[in-house]
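**Q** Sequence and computational prediction follow.
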Amino acid sequence: LTAYIFVGVLSYSLYAYVEAFFSMNMESWITAHVHMYKYFGGVTRMLVPDNLRTGVDKSDWYTPKINKTYHEMAEHYDTAVIPARVKKPKDKPGAEGTVGNITTWITAALRNQKFFTLQELNKEIRIRLDAFNKKPFQKKEGSRYSVYVTDEKPFLAPLPANPYELAQWKKATVQFNYHISVEKMQYSIPYEYQI
């Protein structure tokens, strides 16, 4: 099976979060963000994602259209979503560089190993991610983790009392017997909604 890697990076410390998923669908995208915020222990004021179809319905230079569910998640965490412009890697230089480092530190290191569950893979990724974040910088004092703790974490907004829960929306037609069908199950509704 193919696994896709989600990478989230704080812009100042370059403290990273990495998680593998079997799909790049909306559920995986939102789950990755919820887990990332939990890992960071706070919420950034702004998200700068790629123009991935899962998060951005229409990429536009001035007014990109954010996916409804992604927008709801951002509102829950009281953060703004400002997608990077198409073919403008300088909009998110920390993420671009970190993805290259993650490729070397995690993906390449795990390429010859076999995992039987996604949980096993993510457990090994977490071990390597912690080592990556705590590895000392080459040209300055400290590590991603130490800079994150001392300089960046105090500026993160607090996590909400409850994490965001993904909801799936569906339009349903009320049948003559006051029921609607959702995934082949019948649910009764108040008679006022009968058309």
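**A** Happy to help now that I have it. Remember, it's a predicted structure, so these values are computed and weren't measured experimentally.

**Q** The spatially most central residue of the chain in helix, strand or coil?
**A** The centroid of the chain falls nearest to H33 when counting by CA atoms, centre = their mean (2.7 Å). Look at H33: counting by DSSP: H, G, I helix; E, B strand; the rest coil, its state is helix.

**Q** can you list the weak-confidence ranges in the protein?
**A** 51-64, 85-95, 194-195 (pLDDT under 70).

**Q** ok now the helix or strand E120 falls within, how far from the chain's centre?
**A** Element membership of E120, judged by DSSP states H and E, is helix 118-134. Centre-to-centre, helix 118-134 and its host chain are 16 Å apart (CA atoms, centre = their mean, to the nearest Å).

**Q** Next, the buried residues of it.
**A** In terms of neighbour count (16 or more other CB atoms under 10 Å), helix 118-134 has its buried residues at L121, N122, E124, I125, R128, L129, F132, N133. Heads up, the C-betas are built off the backbone N, CA and C, glycines and all.

**Q** Which SSE is immediately downstream of that helix?
**A** helix 144-147.

**Q** so how far is stretch 131-151 from its chain's centroid?
**A** 23 Å.

**Q** Pull the residues that contact that stretch.
**A** Stretch 131-151 has contacts (CB atoms under 8 Å, 6 or more residues apart in numbering) with L10, Y12, S13, L14, Y15, A16, N101, I102, W105, I106.

**Q** and of those residues, the nearest to F155?
**A** Y12 (8.4 Å; CB to CB).

**Q** Compute the number of surrounding residues for the closest one.
**A** By other CB atoms under 10 Å, the residues close to Y12 number 13.

**Q** can you give me the strands for the chain?
**A** Residue ranges of the strands in the chain, as given by DSSP state E, are 4-9, 16-21, 46-47, 56-58, 65-66, 80-81, 179-182, 185-188.

**Q** Turn these into JSON lines, including mean neighbour count.
**A** Shown next, in JSON lines, are the strands of the chain (neighbours: other CB atoms under 10 Å):
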{"stretch": "strand 4-9", "mean neighbour count": "18"}
{"stretch": "strand 16-21", "mean neighbour count": "22"}
{"stretch": "strand 46-47", "mean neighbour count": "16"}
{"stretch": "strand 56-58", "mean neighbour count": "15"}
{"stretch": "strand 65-66", "mean neighbour count": "16"}
{"stretch": "strand 80-81", "mean neighbour count": "15"}
{"stretch": "strand 179-182", "mean neighbour count": "13"}
{"stretch": "strand 185-188", "mean neighbour count": "9"}
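
**Q** This completes my enquiry, with thanks.
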